[in-house]
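S.K.: Provided below for reference: sequence and predicted model.
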Amino acid sequence: MSHAGQVFEHGNYTAKLISLEPEPTGSSLTSPSPPPKPLLIATPCEGGIYPVLVFLHGYLLYNSFYSQLFQHVASHGFIVVAPQLYQVAGPDSEDEIKTTAIIIDWLTTGLHHLLPVQVQPNLCKLGLAGHSRGGKVAFALALGHAKTTLKFSALIGIDPVDGMDKGKQTHPPILTYVPHSFNLNMAVLVIGSGLGELKRNPFFPPCAPKGVSHQEFFDECCPPAYHFVAKDYGHLDMLDDETKGLRGKSTYCLCKNGKARKPMRMFVGGVMVAFMKAYLEGETQILVALKDNPEIAPVELLIITYLDNIFVNNLK
């Protein structure tokens with residue numbers, strides 16, 4: 001496998017998962033600055049200073065459903081912080097946006113207390129990512145719908161969804177349908193699923209409806225922006241191989257899925273790593289190699305679009 005293709009495999013670091021709950025009101029604090037929401041953190045175990053990625057889960061999903069994806073990213077030298085934003089939520093995502101802003105501001109005082117002693121977060125190299133409705137929330141934060149003291153250097157939307165259909169966006173609407181209208185001042189990666197806009201059965205709508213999903217989000221991005229779409233995989237195929245409980249079981253039957261989750265999860269994790277290495281660490285070689293050699297990805301790609309200040313490359 002080429003050097004670039006190694007991002008799709010487990011990296012050189014030992015990844016550790018840390019699960020934390022907020023301190024109950026009135027209890028004696030066990031942490032100097034407890035998190036405002038439950039957190040799942042994936043971190044390298046080896047000593048060092050690492051960039052940080054805040055990851056927002058999809059609608060009615062648990063952050064634990066992404067644990068294998070988080071470990072993949074952490075094994076390449078990144079700290080992933082994934083809050084559980086809610087247990088139950090309606091169509092309005094305003095509270096999630098505000099809550100995420102609070103969590104991001106908490107990182108400066110609370111995150112380092114929760115990591116292994118030899119591990120330090122570099123909050124000057126901060127990325128924001130979200131899947132499905134979490135992708136919409138991530139874009140909302142990046143667009144300033146809630147203010148944060150920390151600044152982002154990179155934004156990732158994984159099959160982001162802004163409602164049920166064009167004209168049926170959930171509050172607050174993010175898409176404007178004006179090309180290149182997002183004033184983000186950061187690099188953006190949008191990952192899409194080829195099967196996301198298809199219904200699994202007549203009883204449920206598609207999980208990533210056409211008109212409010214990855215293509216529309218990418219169309220509104222300004223350079224530098226990158227768009228990858230995996231051809232034969234669905235909206236939830238980057239989740240863990242096994243997701244337990246009622247919600248976990250529902251992830252197998254609500255969306256049209258590919259044959260297995262592992263290839264899509266490897267692809268999503270790998271392209272996230274390549275993008276973050278480029279825009280959080282200044283190592284652009286792998287991202288460029290994926291443009292020139294898309295066959296190194298573990299899935300067949302339907303779309304690859306690179307939009308930056310140097311070139312535009314589109315493969316369909």
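M.R.: Structure received.
S.K.: contacts, neighbours, all on C-alpha from now
M.R.: Fine.
S.K.: What are the contacting residues of stretch 209-226?
M.R.: Under the criterion CA atoms under 8 Å, 6 or more residues apart in numbering, residues 157-166, 169, 175-184, 186-192, 196-198, 227, 304-309 lie in contact with stretch 209-226.
S.K.: go again using 6 Å as the cut-off
M.R.: Stretch 209-226 is contacted from outside by 159-162, 165-166, 179-182, 187-189, 192, 197, 305-308, using CA atoms under 6 Å, 6 or more residues apart in numbering.
S.K.: again with stretch 122-140
M.R.: With CA under 6 Å, 6+ apart as the test, stretch 122-140 has contacts from 49-59, 97, 152-162, 280.
S.K.: So for the top helix by length along the chain, mean pLDDT?
M.R.: Counting residues, the longest helix found in the chain (DSSP state H) is helix 94-114. Average pLDDT, helix 94-114: 96.
S.K.: Pull the distance from that helix to the chain's centre.
M.R.: Taking CA atoms, centre = their mean, to the nearest Å, one finds helix 94-114 lying 16 Å from the centre of the chain it belongs to.
S.K.: swap in stretch 112-119?
M.R.: Chain-centre distance of stretch 112-119: 23 Å, with CA atoms, centre = their mean.
S.K.: Would you work out how far apart the start and end of it are?
M.R.: One end of stretch 112-119 to the other measures 8 Å (CA to CA, to the nearest Å).
S.K.: Also stretch 158-174?
M.R.: 15 Å.
S.K.: Hmm, Asp162 and Gln169 touching each other?
M.R.: Yes - using CA atoms under 6 Å, Gln169 makes contact with Asp162 at a distance of 5.5 Å.
S.K.: More neighbours: which of those two?
M.R.: Asp162 (28 against 18; other CA atoms under 10 Å).
S.K.: all strands for the stretch 1-150 of the chain, in order.
M.R.: Taking DSSP state E, counting those that start in this stretch as the test, the strands found in the stretch 1-150 of the chain are 15-20, 39-44, 48-56, 79-83, 119-131.
S.K.: Tell me how many other residues crowd Lys168.
M.R.: Lys168: 12 surrounding residues under other CA under 10 Å.
S.K.: again but with Gly245, I slipped
M.R.: Using other CA under 10 Å, Gly245 has 8 other residues around it.
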